[in-house]
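Novice: give me a model of this one.
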Amino acid sequence: MAELLDRIRKEGPLRSRDVEATTTNRAGWWDWKPAKKALEQLFMEGDLMVKDRVGFQKNYDLTERVLPNNVSTVMPSVEEFAAHMLDQQLRCHGVVSLKGITYLRRQTGLRQTMKELLKERMAQGSLEQVQLSNGEVFFIETGALERRLPIVSKRLLILSPFDNSVIQRDRLKNLFQYDYQIECYVPEPKRQYGYFSLPLLYQDRFIGRMDCKAHRKERRLEIKFLHIESLFEENALTDEFLQAFVSGIKLFNSFQQCDSVTLTSVEPKRFAQPLRNLFVQMYLG
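Specialist: Residues are numbered from 1 along each chain as shown. All right, here's what the predicted structure looks like:
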């Protein structure tokens with residue numbers, strides 16, 4: 001780490017590929033070479049920052065040469081950090097829970113500090129508490145439930161498995177009755193929806209998921225398995241939804257640089273023919 005810092009200080013920004021590997025017989029892409037591990041550790045400790053990227057390659061430079069001078073680097077207190085997290089998540093999501101707001105945070109005392117902060121803001125009247133039918137408690141800004149509902153887009157959105165809206169599985173299940181899990185980490189015999197199924201968001205509801213494969217040589221997108229949630233089934237065969245679905249697939253197909261779409265398996269099966277007909281119209285009409 002010290003050698004890398006000294007080299008970057010003298011020679012300028014550095015990528016991990018610029019440092020020769022000292023190990024052989026690597027087990028896979030996850031088995032990072034020592035130089036990569038050292039660069040990431042220096043990044044995590046704040047000695048280095050990412051100056052820019054070329055493709056997936058990060059360019060590391062000294063923090064003092066990347067960070068603007070007016071940015072404070074003083075470590076915040078646990079109280080300041082808790083207030084920042086609460087304000088940020090309310091701004092981003094509108095609703096928070098004590099469990100969700102400290103998700104993956106291991107700082108000593110943070111959970112207790114957040115609990116006290118929530119109580120303090122409720123006492124001040126800036127937050128109120130709502131309890132779902134399953135007993136889960138969430139916090140929202142006072143008066144939020146009395147505001148007019150926002151206009152909801154009629155587009156179908158195909159989300160990444162790592163999208164912020166789905167990354168907390170318990171929150172997603174509690175608020176939307178949508179139990180989502182990326183199954184590439186699940187043994188194949190136990191998978192329900194596919195290796196890399198993508199969440200589908202239509203208007204304000206998670207309506208399904210689909211597992212896809214892009215056949216690059218054929219420039220064909222295969223929807224290996226499309227699943228429509230049971231809570232949405234009765235509303236799903238409307239012209240409005242079907243058109244939104246096909247429009248979403250067309251954009252996704254273009255993003256994948258494919259020229260055609262095939263549908264292999266659908267659940268419930270009654271959706272298969274209407275969708276196949278629309279795909280034919282989309283590319284032949």
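
Novice: contacts and neighbour counts: CA atoms only from here.
Specialist: Fine.

Novice: Phe196 belongs to a helix?
Specialist: No: Phe196 sits outside any helix when classified using DSSP: H, G, I helix; E, B strand; the rest coil, being coil.

Novice: ramachandran angles for it?
Specialist: Dihedral pair for Phe196: phi -140, psi 60, per degrees, to the nearest 10.

Novice: helices and strands of the chain: which one bottoms out on pLDDT?
Specialist: Ranked by mean pLDDT, DSSP states H and E, the weakest helix or strand in the chain is helix 233-236, scoring a mean of 71.

Novice: pull out the buried residues from it.
Specialist: Ala236 (16 or more other CA atoms under 10 Å).

Novice: continuing past that helix, what's the next helix or strand?
Specialist: Using DSSP states H and E, the helix or strand that follows helix 233-236 in sequence is helix 239-255.

Novice: export that next one as CSV, just CAs?
Specialist: Extracted in CSV, the C-alpha atoms of helix 239-255 (Å, rounded to 0.1, in the frame of the first residue of the first chain):
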residue,chain,number,x,y,z
ASP,A,239,-54.6,-3.0,-23.8
GLU,A,240,-53.0,-0.3,-21.8
PHE,A,241,-50.8,-2.7,-19.8
LEU,A,242,-49.9,-4.8,-22.8
GLN,A,243,-48.8,-1.8,-24.8
ALA,A,244,-46.8,-0.5,-21.9
PHE,A,245,-45.1,-3.9,-21.6
VAL,A,246,-44.3,-4.2,-25.3
SER,A,247,-42.9,-0.6,-25.3
GLY,A,248,-40.7,-1.4,-22.3
ILE,A,249,-39.4,-4.5,-24.0
LYS,A,250,-38.7,-2.6,-27.2
LEU,A,251,-36.5,-0.1,-25.4
PHE,A,252,-34.8,-2.9,-23.4
ASN,A,253,-34.2,-4.8,-26.6
SER,A,254,-32.6,-1.8,-28.2
PHE,A,255,-30.4,-1.3,-25.2
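
Novice: which residues touch the least confident helix or strand of the chain?
Specialist: Leu242 (CA atoms under 8 Å, 6 or more residues apart in numbering).

Novice: report the distance from that helix to the chain centre.
Specialist: Centroid separation between helix 233-236 and its chain, computed with CA atoms, centre = their mean, to the nearest Å, is 26 Å.

Novice: need the CA coordinates for that helix. CSV is fine.
Specialist: Only the C-alpha atoms of helix 233-236 are listed here, as CSV (Å, rounded to 0.1, in the frame of the first residue of the first chain):
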residue,chain,number,x,y,z
GLU,A,233,-53.2,-10.8,-12.8
GLU,A,234,-56.8,-9.6,-13.0
ASN,A,235,-55.7,-6.2,-14.3
ALA,A,236,-52.9,-7.4,-16.6
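
Novice: in this structure, which strand is the longest?
Specialist: In the chain, with assignment by DSSP state E, the single longest strand is strand 205-215.

Novice: direction included, what does it pair up with?
Specialist: Partners of strand 205-215 in the sheet, by DSSP bridges, are strand 198-202 (antiparallel), strand 220-228 (antiparallel).
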